[in-house]
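1. Coordinates for the following, if possible.
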Amino acid sequence: MKRNQLLTSTALIVIFSSGFGPSHAADLTYLEVSSPESAFGDKPAVSAVNAKIATAFGVLDEDFISILSGSVTAPLAHRYGVQLDAMGALRDGDEVSGGVGAHLFWRNPDFGLVGLYGSFNHVEWGEDEDIGNVAIEAEYYFDSVTISGLVGAEFGDSDGLLAGSTLSFYPIDDLRLYAGYRHQLDKSYGVAGFEVLPEFAGLSNVSFYADGMIDEDGDYGVFAGVRLYLGSDKSLKARHREDDPIESTLPPNLLQYSASGVAPPEV
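-> Numbering: from 1, shown residues only. Below is the predicted model:
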C-alpha cells in the first residue's frame, strides 16, 4: 500500500511539474506582459523638470504682434505632473496683454494624458479686460499621431464656451504638423501650423514654428517664432509626450498663445 501511495504521489508530482514547467512559465510571462501597466509601459508622467521659452512675431489682421512666453513642467508623482505658463504680448508697440496658466495632469507617455487646465489673463487691447479659463484637457498618442482636445468655459469680461480639438502628425520625430478647430469668444476658428526641431549650429533643443488661424468672419493671423527647450536631449515628439504637453492641447495661436489662454477682444 505504501509503495502504491509513493508511486501515485511521484506520478502526481511529475504531472504537476510538467504542467507548470516551461510552458507555464511562458504563460506567466504572457500574463505579465499583458498586464495594463506592462502593455502601456512604465514611463513617468514627466521625465524630469524641464522648461521652454518662446518668442514669436506676426500679424493679427493689419496689426503687428510680438509675443514672449515660457513654461515650466515638473513631476508630482510617477503618473502625475504640473505645468505653469506665463506670457506677454505687445500690439503695435504699445498695447499690452499678459496671462498665467496652470495644468494638473495624469499621463502615460505610451498612451495619453488627462488633466485640468486654468488660466487668468489681463488684456489691454482696445479695452482693459480680465478673462479666465477653466477646462478639461486630454491627449491620445498613437504612433505618429496625437489627438488632442479641450472643453471648458471662459468667464470674466468674456464668458461662454471654450473648446478645441487638434490632430498632430509627426512624419519624422522632429517635425510636427497640426490642424485643428477652436471655439472661444463666441466665435469659431480654424488653426494650422508646424514645428521643426533641426540640428542647428550643434544645438538640438531649438525649434522653429509657425501658426496661422482664420475665424468665421474672415479675420486672420499668422505668426512665426523660435522656441528654446531646457531639459534632456530628445526628439520633438518625445518632448511633447514625456516633458511638457503640447501647448495644453490648444496650439499657440492668437487666442491661446503658449497655453496661457490670452484671448484678445475684437480687433
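2. pLDDT below threshold where in the stretch 1-150 of the chain?
-> Flagging of the stretch 1-150 of the chain using pLDDT under 70 yields the residue ranges 1-41, 93-95, 125-127.
3. just the helices in it please.
-> Using DSSP state H, counting those that start in this stretch, the helices of the stretch 1-150 of the chain run over 2-19, 22-33, 36-40.
4. ditto for the stretch 151-267 of the chain
-> Under DSSP H, counting those that start in this stretch, the stretch 151-267 of the chain gives helices at 236-242.
5. which stretches of it aren't confidently modelled?
-> 201-202, 246-267.
6. in it, which spans are strands?
-> Along the stretch 151-267 of the chain, counting by DSSP state E, counting those that start in this stretch, strands occupy 160-172, 175-184, 187-196, 206-215, 220-230.
7. between those, which one is nearest to residue 90?
-> Residue 90 lies closest to strand 220-230 among the strands of the stretch 151-267 of the chain, at 13.1 Å (Cβ to Cβ). Using the backbone N, CA and C atoms, a C-beta is placed for each residue, glycine as well.
8. Backbone dihedrals for residue 159, please?
-> phi -130, psi 150 (degrees, to the nearest 10).
9. For the remainder of this discussion, apply numbering that starts at 722.
-> Let's use 722 as the start, then, which means that last one is residue 880.
10. Tell me the spatial nearest neighbour of it, not counting adjacent residues.
-> Once flanking residues are discounted, residue 880 sits nearest to residue 874: 7.1 Å by Cβ to Cβ, 6 or more residues apart in numbering.
11. Next up, the contacts around the one you found.
-> Contact analysis of residue 874 by Cβ atoms under 8 Å, 6 or more residues apart in numbering lists 854, 855, 856, 880, 881, 882, 883.
12. Just the buried ones among those, please.
-> When the contacts of residue 874 are checked for burial by 16 or more other Cβ atoms under 10 Å, the buried set is 854, 856, 883.
13. Tell me, how many residues neighbour residue 798?
-> Residues near residue 798, counting by other Cβ atoms under 10 Å, number 10.
14. Is it bridged to anything, and to what?
-> Beta-bridge partners for residue 798, by DSSP bridges, are residue 801.
15. gap between it and residue 964?
-> Counting by Cβ to Cβ, to the nearest Å, the gap from residue 798 to residue 964 is 16 Å.
16. Repeat that for residue 881.
-> Look at residue 881 and residue 964: by Cβ to Cβ, they are 32 Å apart.
17. what's the answer for residue 895, then?
-> Going from residue 895 to residue 964 by Cβ to Cβ gives 14 Å.
18. and those two? which has more neighbours close in?
-> Using other Cβ under 10 Å as the criterion, residue 895 and residue 964 rank with residue 964 on top: 24 against 19.
19. since we're on residue 937, how many residues are nearby?
-> Around residue 937 there are 10 residues (other Cβ under 10 Å).
20. List the residues that contact residue 765.
-> 796, 799, 800, 830.
21. cool, residue 962 as well?
-> So residue 962 contacts 830, 862, 867 (Cβ under 8 Å, 6+ apart).
22. Closest one to residue 943 out of these, please.
-> So of the contacts of residue 962, ranked by how close each gets to residue 943 (Cβ to Cβ), first place is residue 867, at 23.1 Å.
23. Please report the number of neighbouring residues for the closest residue to the closest one other than its chain neighbours.
-> The spatially closest residue to residue 867, leaving aside those adjacent along the chain, is residue 889, at 4.3 Å (Cβ to Cβ, 6+ apart). Neighbour count for residue 889, taken as other Cβ under 10 Å: 24.
24. What residues are bridge-paired with residue 889?
-> Taking DSSP bridges as the rule, residue 889 bridges to residue 867, residue 899.
25. Surely it touches residue 866?
-> Yes - contact criterion Cβ atoms under 8 Å: residue 889 and residue 866 qualify, at 6.9 Å.
26. quick revisit: now neighbour count too, for the contacts of residue 962, in a markdown table please.
-> Formatted as a markdown table, the contacts of residue 962 follow (neighbours: other Cβ atoms under 10 Å):
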| residue | neighbour count |
| --- | --- |
| 830 | 20 |
| 862 | 20 |
| 867 | 24 |
